[in-house]
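K.L.:
Provided below for reference: sequence and predicted model.
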Amino acid sequence: MENQNNVTEFVFMGLWGNKQMELLFFFLFLFCYLAILVGNFTILLTITRSHLIKQPMYYFLCHLSLMDLCYTSTVVPRLIRDLGAARKNISYNNCMTQLFTAHWLAGVEIFILVSMAFDRYVAIVKPLHYMVIMNWQRCNLLIFMAWAVGFWHSIALLLVVLNLPFCGPNQIDHYMCDVKPLLKLVCKDIRVVNILMIANSGMVVVTVFLVLLASYILILYNLRTHSSTGRRKALSTCSSHIMVVVLFFVPCIYIYILPVGSENKDKEISVFYTVIAPMLNPLIYTLRNMEMKIAMQKVWSKMTHSNFK
């Protein structure tokens, strides 16, 4: 059957229908986005302009901050604009671009979190072999693989959606173009597509989350042999990673493992991984990390000193 697509644009229904609520959240999300920009740029600047860039843990953290900046910039600026706009419309092509870009960058972020967990596992379980295992060639390979796997996940999702017919309703019950709200507008039986979507997004997120949990359980188990000082330092680092993983993965699992059509709070829950997690990540990694605090002070004093020369 030929794919009939009569839709040239979509209209977002947004988070809330209440105009006063939207105005309030316009300023709230604007503040959140500015906090995301400042927090993640601070981490990027601190790591790239200090000795920390030579350590794999901070090298991965640098890439995580870059992903947070890029990912939120594909979603949040439009959300802010729409909160202040009378009509929240997006063209079909721009919608598909947002779908592809958001899933690609989110996929990269997921596998960077896996790389960070692998780095901590090697550092704690195999400390004597750390520099051999986590050499620069392997670190760069892990980042390249994150980009490649994220791309193939996103392109597979996009190709499925591009072949679906949208022939009438064009109101997306969301604030961004995501696969589940789009599938609700498809004018054909989507049972097979639903299974493909859960396999592509849902099962991948669940599997990666379980792998991460298993790695941290192994790390905690192996900490028994460490000294109390080493244990405290390792627990501080790992607890930061665990907090970031939970903030990102739990909402994702809730959204992508449930089939389309199930009554849930998808758009409200998705705020956690599109806005809240990227905003809190810099705080989690700086407030709980003495090494980062010292590096930030050094970089800041260097910059202010050079400016006053």
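P.N.:
Perfect, I can see it now.
K.L.:
let me see the contact set for the most centrally placed residue in the chain.
P.N.:
Most central in the chain under C-alpha atoms, centre = their mean is Ala106, positioned 4.4 Å from the mean C-alpha point. The contact partners of Ala106, taken as C-beta atoms under 8 Å, 6 or more residues apart in numbering, are 71, 150, 252, 273. For every residue, glycine as well, the C-beta is placed using N, CA and C.
K.L.:
per-residue confidence for Met279?
P.N.:
Per-residue confidence at Met279 stands at 91 (pLDDT).
K.L.:
for it, pull up the helix or strand it's in.
P.N.:
Applying DSSP states H and E as the criterion places Met279 in helix 277-287.
K.L.:
for the following helix or strand past that helix, packing partners?
P.N.:
Elements were assigned by DSSP H and E; along the chain past helix 277-287, the next helix or strand is helix 290-307. Judged by 3 or more C-beta pairs under 8 Å, 6 or more residues apart in numbering; DSSP states H and E, helix 290-307 is in contact with helix 19-48, helix 277-287.
K.L.:
other residues contacting the helix or strand bottoming out on mean pLDDT in the chain?
P.N.:
Lowest mean confidence among the helices and strands of the chain (mean pLDDT, DSSP states H and E): helix 191-197, at a mean of 76. With C-beta under 8 Å, 6+ apart as the test, helix 191-197 has contacts from 157, 160, 164, 179-180, 183, 186, 256, 259-260.
K.L.:
buried ones in that helix?
P.N.:
Neighbour counts over helix 191-197 (16 or more other C-beta atoms under 10 Å) mark 193, 197 as buried.
K.L.:
name the helices or strands packed onto the helix or strand just after that helix?
P.N.:
Following helix 191-197 in sequence order, the next helix or strand is helix 203-222 (DSSP H and E). When contacts are defined as 3+ C-beta pairs under 8 Å, 6+ apart, helix 203-222 packs onto helix 92-125, helix 228-257.
K.L.:
and the angle from the last one to helix 290-307?
P.N.:
Meaning helix 228-257. For helix 228-257 and helix 290-307, the angle between their directions (axes from the mean of the first three to the mean of the last three C-alpha atoms, to 10 degrees) works out to 90 degrees.
K.L.:
and helix 228-257, average pLDDT?
P.N.:
Mean pLDDT, helix 228-257: 80.
K.L.:
do the same with the longest one
P.N.:
Average pLDDT, helix 92-125: 91.
K.L.:
pull the distance from the next helix or strand after it to the chain's centre.
P.N.:
Per DSSP H and E, the first helix or strand lying C-terminal to helix 92-125 is helix 130-133. Between the centre of helix 130-133 and the centre of its chain there are 28 Å (C-alpha atoms, centre = their mean, to the nearest Å).
K.L.:
list the buried ones in the following helix or strand past helix 130-133?
P.N.:
As assigned by DSSP H and E, the chain's next helix or strand after helix 130-133 is helix 136-162. By neighbour count on 16+ other C-beta under 10 Å, the buried set for helix 136-162 is 138-139, 142-143, 146-147, 149-150, 153-154, 157-158, 160-161.
K.L.:
dump those residues into TSV; add distance to Met67 and pLDDT as well.
P.N.:
Converted to TSV, the buried residues of helix 136-162 look like this (distance: C-beta to C-beta, whole Å; pLDDT from 0 to 100):
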residue	distance to Met67	pLDDT
Arg138	19	93
Cys139	16	94
Leu142	13	95
Ile143	10	96
Ala146	9	94
Trp147	10	96
Val149	13	92
Gly150	9	91
His153	14	88
Ser154	13	91
Leu157	18	88
Leu158	19	91
Val160	24	86
Val161	22	87
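K.L.:
closest one of the residues you listed to Thr225?
P.N.:
Closest to Thr225 out of the buried residues of helix 136-162 is Arg138 (24.9 Å), distances taken as C-beta to C-beta.
K.L.:
can I get stretch 221-228 in CSV, CA atoms only?
P.N.:
Extracted C-alpha coordinates of stretch 221-228, given in CSV (Å, rounded to 0.1, in the frame of the first residue of the first chain):
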residue,chain,number,x,y,z
TYR,A,221,31.3,-5.6,46.2
ASN,A,222,35.0,-5.0,45.3
LEU,A,223,35.3,-2.0,47.6
ARG,A,224,35.4,-4.3,50.6
THR,A,225,39.1,-4.9,50.0
HIS,A,226,39.9,-1.1,49.9
SER,A,227,41.0,1.1,52.8
SER,A,228,38.4,3.3,54.4
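K.L.:
quick one on the thing from earlier: same list (the helices and strands packed on helix 203-222) but as a markdown table, adding distance to Ile53.
P.N.:
Shown next, in a markdown table, are the helices and strands packed on helix 203-222 (distance: least, C-beta to C-beta, whole Å):
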| stretch | distance to Ile53 |
| --- | --- |
| helix 92-125 | 14 |
| helix 228-257 | 17 |
